[in-house]
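Colleague: Here is a sequence together with a model predicted from it:
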Amino acid sequence: MEITMEVRNETTIQEFILEGFPAIQALGNIFFLIHLLAYLASITGNVVIITITWVDHRLQTPMYILLSTFSFSECCFITSVIPKLLSIFLLGRQPISFTACLIQAFSFFFFGSIIFFLMAVMSLDRYVAICKPLHYPTIMNPKTCFLLVIACLALSFPLITGLVVKVSQLSFCGPHVIPHFFCDLGPLIHLSCSDTRPTEMLTLVLALFVLITSLIITTIAYSNIVVTVLRLPSAKEKQKAFSTCSSHLMVLFLMYGSSVFIYVKPKQTNRLDSNREAALVNTVVTPLLNPVIYTLRNKQVHRALREALLRLRLQKQSFGG
């Protein structure tokens, strides 16, 4: 009897199949090319931001340090998912081991949580810069910036580790096809033959905590920014500020909207098919927009890029000569 119980409690499935998008698999080569270009563009944009920030001493300010940390987290976030998605588009449904599945889920949610917390911190940075410009150097100094980044990491790690450990303790003894293009916890929990209600509730609570905490901070910060901008005397300054804010808010709307649609619901078995399309927004669309909206439109970054390219050209000419 004891042996039977041991066998029943063990995870009998050691490998899952990521289904991807079977309805459009005939167009896999086209979607492979589109998503490969989007992935390369996202990585390139974020790497440029990181490199320019650490090479140009003028950009080594709290705002750009936070942005470079955000860019690094985003590179890790999309790299945890996109390579597998590309192989699905190219080769069809893909196998993934149970261990690799949990590692992918951890990476996705860990860096995803960091990104949401960093967006809240960046909104606070902009709030202080715009609403309290005289106090900005004393409030947002390098030490404060470093502590805020560490806080984002320290908050995300135990939350996501606890959730993934909880999922790893479930038994999987039935279907092994995950109706998704990566090991999202919702579809994965749905395949378990254990009692999943505590795990589903934990997933919901953690999703609510991450999303609502960061959303409240971001909303308060941008509300104060809007009030301050409306008081500006110059119409040109107002237009410039609102143009930047509207771009930021568009990205925030896409990220929060798709995440709420996917994760903030008590029963993960609902709308699993539509979750795949919503997840593409977070993993492909917003990572493509973020480098452009947050940094590459910035005049300081343009100047730093031009100077860096000029230095490279001069070095090549002197080396060639």
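Modeller: It's in. Numbering: from 1, shown residues only.

Colleague: CA atoms for contacts and neighbours, from now on please.
Modeller: Noted.

Colleague: Go ahead and list the helix or strand containing the spatially most central residue of the chain.
Modeller: The residue lying closest to the centre of the chain (C-alpha atoms, centre = their mean) is Gly112, at 3.9 Å. Here Gly112, judged by DSSP states H and E, is contained in helix 98-131.

Colleague: same question for that helix, mean pLDDT?
Modeller: Average pLDDT, helix 98-131: 93.

Colleague: before we move on, the earlier item: the residue nearest to the centre of the chain contacts Phe77, doesn't it?
Modeller: Yes - counting by C-alpha atoms under 8 Å, Phe77 is a contact partner of Gly112 at 6.3 Å.

Colleague: which secondary structure elements does the helix or strand containing Ser42 contact?
Modeller: In this structure, Ser42 is located in helix 28-55 according to DSSP H and E. Counting contacts by 3 or more C-alpha pairs under 8 Å, 6 or more residues apart in numbering; DSSP states H and E, helix 28-55 packs against helix 62-79, helix 82-91, helix 286-291, helix 299-320.

Colleague: Out of the ones you listed, the one nearest Ser123 is which?
Modeller: helix 62-79 (9.8 Å; C-alpha to C-alpha).

Colleague: contacts for the closest one?
Modeller: 39, 42-43, 46-47, 49-50, 53, 59, 107-108, 111-112, 114-115, 118-119, 122, 125-126, 140-142, 145, 149, 283-284, 287, 291, 294-295 (C-alpha atoms under 8 Å, 6 or more residues apart in numbering).

Colleague: From the chain's centroid, how far away is it?
Modeller: Centre-to-centre, helix 62-79 and its host chain are 9 Å apart (C-alpha atoms, centre = their mean, to the nearest Å).

Colleague: One more: stretch 152-162?
Modeller: The answer for stretch 152-162 is 14 Å, by C-alpha atoms, centre = their mean.

Colleague: Name the residues that touch it?
Modeller: Contacts for stretch 152-162 (C-alpha under 8 Å, 6+ apart): 106, 109-110, 113-114, 117-118, 206.

Colleague: Try it again at 6 Å.
Modeller: 110, 113-114, 117 (C-alpha atoms under 6 Å, 6 or more residues apart in numbering).

Colleague: same deal with stretch 15-30?
Modeller: 89-90, 93-98, 176-181.

Colleague: so what does the helix holding Gly112 touch, helix or strand wise?
Modeller: helix 62-79, helix 142-168, helix 197-230 (3 or more C-alpha pairs under 6 Å, 6 or more residues apart in numbering; DSSP states H and E).

Colleague: Between helix 197-230 and the helix or strand that contains Met255, find me the angle.
Modeller: Per DSSP H and E, Met255 falls inside helix 235-263. Here helix 235-263 runs at an angle of 170 degrees relative to helix 197-230 (axes from the mean of the first three to the mean of the last three C-alpha atoms, to 10 degrees).

Colleague: quick check: mean pLDDT across helix 235-263?
Modeller: For helix 235-263, the per-residue pLDDT averages 75.

Colleague: Please apply the same query to stretch 19-37.
Modeller: Stretch 19-37 comes out at a mean pLDDT of 89.

Colleague: Next: stretch 77-92.
Modeller: 93.

Colleague: List the buried residues of it.
Modeller: Applying a neighbour-count criterion of 16 or more other C-alpha atoms under 10 Å, the buried positions in stretch 77-92 are 77-82, 84-90, 92.

Colleague: Dihedrals phi and psi, Asn141?
Modeller: Dihedral pair for Asn141: phi -90, psi 170, per degrees, to the nearest 10.

Colleague: Chain neighbours aside, what residue packs nearest to it?
Modeller: Closest residue to Asn141 apart from its sequence neighbours, by C-alpha to C-alpha, 6 or more residues apart in numbering: Pro62 at 6.7 Å.

Colleague: what about the one you found, distance to Val128?
Modeller: According to C-alpha to C-alpha, to the nearest Å, Pro62 stands 11 Å off from Val128.

Colleague: what do you get for Cys173?
Modeller: 53 Å.

Colleague: In terms of neighbours, single out the busier of those two.
Modeller: Ranked by neighbour count (other C-alpha atoms under 10 Å), Cys173 and Val128 place Val128 first, with 20 against 17.

Colleague: Give me the distance between the more buried one and Tyr136.
Modeller: Val128 is 6 Å from Tyr136, by C-alpha to C-alpha.

Colleague: Next: Phe31.
Modeller: 45 Å.

Colleague: same deal with Leu252?
Modeller: Counting by C-alpha to C-alpha - Leu252 and Tyr136 are separated by 24 Å.
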